[in-house]
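1. Build me a structure from this.
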Amino acid sequence: QAAVSNGAQSNQVVYWSRLPSWKNQTLTPNPDAVYLIPFISTKEAGPVVVEIPAAGDDGTLVGSIDDAWQTAVEDIGPAGFDKGTGGKYLLLPPGYKENVPDGYFVMRPDTYESFLLARSILKSGSDEDVAKAVAYGKRIKIYPLSQAANPPVTVYVDVVDKIFDSTIPYDFRFFDALDGMIQYEPDRKSVV
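-> Predicted coordinates for the structure are as follows:
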């Protein structure tokens, strides 16, 4: 909801082009990392590819892919499935039964919507190193598997100067948000 209210859509990457300020109203953000958050939806797009660049002298990404209920699906980066070599993570819709091509790290979240909470690690807090971390993080690619032969350009939405409020509302808005998720996502029993 915070991404949508700031102009982002599914299968785009929200990011902060500088170190976060108080306007980053996410839960427990680190003040010394550049954040990039692809919000992924397989409901209409079908399987979605998220490409992670290899870690090296030019940068490192760490983070985790979670489903809509914030259940961990897999980590990325040196401590993740790709072990820092980068690669193509393929997120499948719940209950997906078709054949999957080789060359992908196959992820099977229980929900149509997922997100990757990625941190591009800084060498220092200098403006130059922050810019390098942003540029490296913007090497994340996201596209439907159906377009893998000619992937569209990944859209990045910079929210650095906007209020990005993804905190939990402790009033009736919580139930509205919960209802929206329940209506959008499959019954967990139906995907088992």
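
2. May I ask which helix or strand encompasses residue 66?
-> According to DSSP states H and E, residue 66 maps onto strand 61-67.

3. What strands line up against the following helix or strand past that strand, and which way round?
-> The first helix or strand that comes after strand 61-67 along the chain, using DSSP H and E, is strand 72-76. Here strand 72-76 is paired, per DSSP bridges, with strand 61-67 (antiparallel).

4. Let me see the backbone angles for the closest residue in space to residue 111 that isn't next to it in sequence.
-> Distances taken as C-beta to C-beta, 6 or more residues apart in numbering place residue 68 nearest to residue 111, at 3.8 Å, with adjacent residues excluded. For glycine as for every other residue, the C-beta is placed from the backbone atoms N, C-alpha and C. Main-chain torsions, residue 68, degrees, to the nearest 10: phi -60, psi -20.

5. Model confidence for residue 164, exactly?
-> Residue 164 carries a pLDDT value of 74.

6. what about the helices in this structure?
-> Using DSSP state H, the helices of the chain run over 2-5, 127-137, 172-184.

7. Buried residues in the second one, which are they?
-> Just to be clear, that refers to helix 127-137. 130, 132-134, 136-137 (16 or more other C-beta atoms under 10 Å).

8. Pull out the C-alpha coordinates of stretch 22-34 and format them as PDB.
-> C-alpha atoms of stretch 22-34 as PDB (Å, rounded to 0.1, in the frame of the first residue of the first chain):
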ATOM      1  CA  TRP A  22      12.500   9.700   9.000                       C
ATOM      2  CA  LYS A  23      10.300   9.600   5.800                       C
ATOM      3  CA  ASN A  24      11.200   5.900   5.600                       C
ATOM      4  CA  GLN A  25       8.400   4.700   7.900                       C
ATOM      5  CA  THR A  26       9.100   1.000   7.500                       C
ATOM      6  CA  LEU A  27       9.600  -1.300  10.500                       C
ATOM      7  CA  THR A  28      13.300  -1.300  11.700                       C
ATOM      8  CA  PRO A  29      15.100   0.300   8.700                       C
ATOM      9  CA  ASN A  30      18.900   0.400   8.900                       C
ATOM     10  CA  PRO A  31      20.200   4.000   8.600                       C
ATOM     11  CA  ASP A  32      23.400   2.700   6.800                       C
ATOM     12  CA  ALA A  33      22.000   0.700   3.800                       C
ATOM     13  CA  VAL A  34      20.400   1.600   0.500                       C
END
